[in-house]
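Chemist: Dropping a prediction and its sequence here:
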Amino acid sequence: MKKIIIGLLLFAVFACSDDSGTDVPASDKAELLDFTFVADANFSPGKSYIDSENAEVHVFSSIDFLGLTFPITLISEISVSEGATIVPASGTSVTFTSPEDFKKYTITSEDGRNSVEYILTIRDKQIPNSGFENWFQEIGMNSQPFQQPGEYAESTVWATANMGTSIYSIYGTTPQEEGSNTLVKIETVTTVALPLVAGALYVGKFDLDGAIADPTNPVAAAKLGIPFYGKPSAVQFKYSYQSGDQLIQAVLKDPGNLFGGFNVFNLEGKDKFGIKVVLEKRVGEEVTEIAKKEFESNVDVAQLTNLKLDLEYFSSEEPTHFYISFSPSFDGGTFKGAVGSTLIIDDIQLIYE
């Protein structure tokens, strides 16, 4: 019995040592190094983008989702830091019920002390929910639900300023039903504290902490852009627009205090809506603009009308990020616009030559 115990102790010592006999502590790393799927007839993975900061991973298909029938089942190929484990494991089959479906993966370090949960989505070269048929509920700062574009909060690419104005139960971006079709309505609104808030719709994320940190800058909360690898030549969509009755300029009485009151001045002319499309290459903190298109107009358009915007390319480099943004008041970020200005958008499509 004594020999058996000694043998077990020696085994334990060597099990915790490297080849030189030195003890090696278990790793505390829980890193995702690579993630893709095995190619099949339904999904041919092009590129993967791992966003460690936001704990997201996006796998891009070279096959347009319009040509796919969901649900689709894919087999993962995953690499993590040495000694770490991931659940579901590499080689596991996962099923996506729609293009906006998502999966959760948890990576745990070898020592068991650290774990990270990643959100996985699959993407193609179009914008998810570009027809705005899907909306989910989010809880505002007033503890009441409001609607946001997207099938799920975890996977939506669309952001609005609704959270920022939810404290007043005011929402500048809402769904609009027309028969069996759903569109997105973006309005310039007013609250009890703010004479003018331009509604917003953009590809990216709304950063509530950014809004709180810089409350006098309405655009501080907009984190524009999503991972993206396509190089479209144009974007087209349907829109209508109605400008508000009175163009105003609101000026803070105390420039550093959003709640210190405003001086409001009536201006001549009409409000105008604005649209911006940008492709970028991001490497760390360095951002290179690959292509861009800006459009603004004060012309009222009563019926849904097709509009195509050609992108102007400045670089032949491959993009990593993309965004498109819409505002019913082009200068709303400076508290200039007309309350009641309304921009309606539907059926956004990226065009490829």
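Modeler: Ah, there it is.

Chemist: after the helix or strand bottoming out on mean pLDDT in the chain comes which helix or strand?
Modeler: Counting by mean pLDDT, DSSP states H and E, the chain has its least confident helix or strand at helix 2-15, which shows a mean of 40. Toward the C-terminus, helix 2-15 is succeeded by strand 32-37 as the next helix or strand (DSSP states H and E).

Chemist: Show me what counts as buried in the next helix or strand after that following strand.
Modeler: Per DSSP H and E, strand 32-37 leads on to strand 45-51 as the next helix or strand towards the C-terminus. Judged by neighbour count (16 or more other CB atoms under 10 Å), strand 45-51 contains these buried residues: 45-50. C-beta: built from backbone N, CA, C; applies to glycine.

Chemist: Closest to residue 318 out of those?
Modeler: Among the buried residues of strand 45-51, residue 47 lies closest to residue 318 (CB to CB), at 9.2 Å.

Chemist: Surely that closest one and residue 57 touch.
Modeler: No. Counting by CB atoms under 8 Å, residue 47 does not reach residue 57; the two are 11.4 Å apart.

Chemist: pLDDT averaged over stretch 158-173, what's the number?
Modeler: On average, the pLDDT along stretch 158-173 is 96.

Chemist: actually stretch 66-79, sorry about that
Modeler: 93.

Chemist: now stretch 308-321
Modeler: The model assigns stretch 308-321 a mean pLDDT of 96.

Chemist: Figure out how far that stretch is from the centre of its chain.
Modeler: Relative to the mean C-alpha coordinate of its chain, stretch 308-321 is positioned 19 Å out (CA atoms, centre = their mean, to the nearest Å).

Chemist: So which bits of it are buried?
Modeler: Result for stretch 308-321 [16+ other CB under 10 Å]: buried residues 309, 311, 319-321.

Chemist: Kindly report the same for stretch 218-234.
Modeler: By neighbour count on 16+ other CB under 10 Å, the buried set for stretch 218-234 is 218-222, 224-232.

Chemist: Format the buried residues of strand 45-51 as CSV; extra columns: pLDDT and distance to residue 139.
Modeler: CSV is the format used below for the buried residues of strand 45-51 (pLDDT from 0 to 100; distance: CB to CB, whole Å):
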residue, pLDDT, distance to residue 139
45, 92, 35
46, 88, 36
47, 93, 35
48, 95, 32
49, 96, 29
50, 96, 29
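
Chemist: which two in those are spaced the farthest apart?
Modeler: Farthest pair in the buried residues of strand 45-51, by CB to CB: 46 and 50, 14.5 Å.

Chemist: before we move on, the earlier item: any idea which of the buried residues of stretch 308-321 is closest to residue 348?
Modeler: For the buried residues of stretch 308-321, the nearest to residue 348 is residue 309 (10.6 Å; CB to CB).

Chemist: The closest one and residue 294, how far apart?
Modeler: Going from residue 309 to residue 294 by CB to CB, to the nearest Å gives 9 Å.

Chemist: which neighbours do these two share?
Modeler: Counting by CB atoms under 8 Å, 6 or more residues apart in numbering, the residues touching both residue 309 and residue 294 are 275, 277.

Chemist: Residue 348: helix or strand, and which one exactly?
Modeler: strand 342-351.

Chemist: Pull the number of nearby residues for residue 268.
Modeler: Neighbour count of residue 268, defined by other CB atoms under 10 Å: 5.

Chemist: again, but for residue 55
Modeler: 15.

Chemist: Provide the secondary structure category for the residue lying closest to it once chain neighbours are set aside.
Modeler: With sequence-adjacent residues excluded and distances taken as CB to CB, 6 or more residues apart in numbering, residue 55 is closest to residue 118, at 5.1 Å. Going by DSSP: H, G, I helix; E, B strand; the rest coil, the secondary structure assigned to residue 118 is strand.

Chemist: ok, back up a step: contacts for the strand holding residue 348, please.
Modeler: By CB under 8 Å, 6+ apart, strand 342-351 touches 125-127, 130-132, 176, 181, 183-188, 199, 201, 230, 232-242, 244, 273, 304, 308, 324, 326-328.

Chemist: Just the buried ones out of the residues you listed, please.
Modeler: Looking at these with 16+ other CB under 10 Å, the buried ones turn out to be 125-127, 130-132, 183-188, 199, 201, 230, 232, 235, 237-242, 244, 273, 304, 324, 326-328.
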